[in-house]
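1. Curious how this folds, go ahead:
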Amino acid sequence: MSYIEIRGLSKRFGSNIVLDNVDMDIEKGDVIALIGPSGTGKSTLLRCLNLLERPESGTVTIEGRRYDLTTRNSKEINELRSHTEMVFQQFNLFRQRTALANVMEGLTVVKGMDEKTARETALYHLRKVGMEDRLFHYPKHLSGGQQQRVAIARALAMNPLLLLMDEPTSALDPELVGEVLQTVRSAAQDVADGTAKDIFEHPDNERLRRFLININMLETGEYAT
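-> Got it, this is the predicted structure:
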């Protein structure tokens, strides 16, 4: 059995079938990237796994515990969400809380940590993403890239079994993309068939090749057309 197994995940909006019986196996430590044009269901798949959207069918099994993604049982929903964390395109930080308080919030409210432990955990993860000099800054005083790094630290601090990142650089100005990509640069692409190394070095279609070229050029400040 794989670390995470997704089976039979289907989602439609009206007559539009967005996800059609999706199966996926993920091993512990895998980093998987979904590549595709807008409207092909990438965000919907992530939101279904966190039950921000309820699919018509599907299950996810994490470390041997199987969850029905169509459930309306609040206890099961909360249990699944306790094992997953989502990083959104628009950061979704609490505006009236500092960077440090944003990361501490879930640790104290959801995980029930005492304030001292939550503070130490939050500090550790904020340092990991290079935000130790912005601990007491509010979101309005942080750049987009800095806000996203706080959001990533907040998610990692919860120690999730499954981290879901919904286009974490799409809301950023081009000059800030590299800042966040540096934080998540270990992400591997696993949509085309093959290993991450194969996909990066020998993409099997032109559209994927141009996508990877543009990602590299965003990091260097150059652009392909």
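2. And for Lys128, nearest residue in space, chain neighbours not counted?
-> Counting by CB to CB, 6 or more residues apart in numbering, Lys128 lies nearest to Ala153, which is 6.8 Å off, once chain neighbours are set aside. Every residue, glycine included, has its C-beta placed from N, CA and C.
3. Am I right that that neighbour is in contact with Leu123?
-> No: taking contacts as CB atoms under 8 Å, Ala153 lies outside contact range of Leu123: 9.6 Å.
4. the more surrounded of the two?
-> Ala153 (26 against 18; other CB atoms under 10 Å).
5. list the contacts for the residue nearest to Ile4 when sequence neighbours are not counted?
-> Sequence neighbours aside, Ile26 is the residue nearest to Ile4 in space, at 4.0 Å (criterion: CB to CB, 6+ apart). Shown in contact with Ile26 (CB atoms under 8 Å, 6 or more residues apart in numbering): Ser2, Tyr3, Ile4, Glu5, Ile6, Ile32, Leu162.
6. what's near enough to touch the third one?
-> Each residue near Ile4 by CB under 8 Å, 6+ apart is listed here: Met24, Asp25, Ile26, Val60, Thr61, Ile62, Leu161, Leu162.
7. And the residue nearest the centre of this structure?
-> Nearest residue to the geometric centre of the chain (CA atoms, centre = their mean): Met165, 1.4 Å.
8. bridging residues for that residue?
-> Val87 (DSSP bridges).
9. Is it in contact with Val87, as I believe?
-> Yes: in this structure, Met165 is within contact of Val87 by CB under 8 Å, at 4.4 Å.
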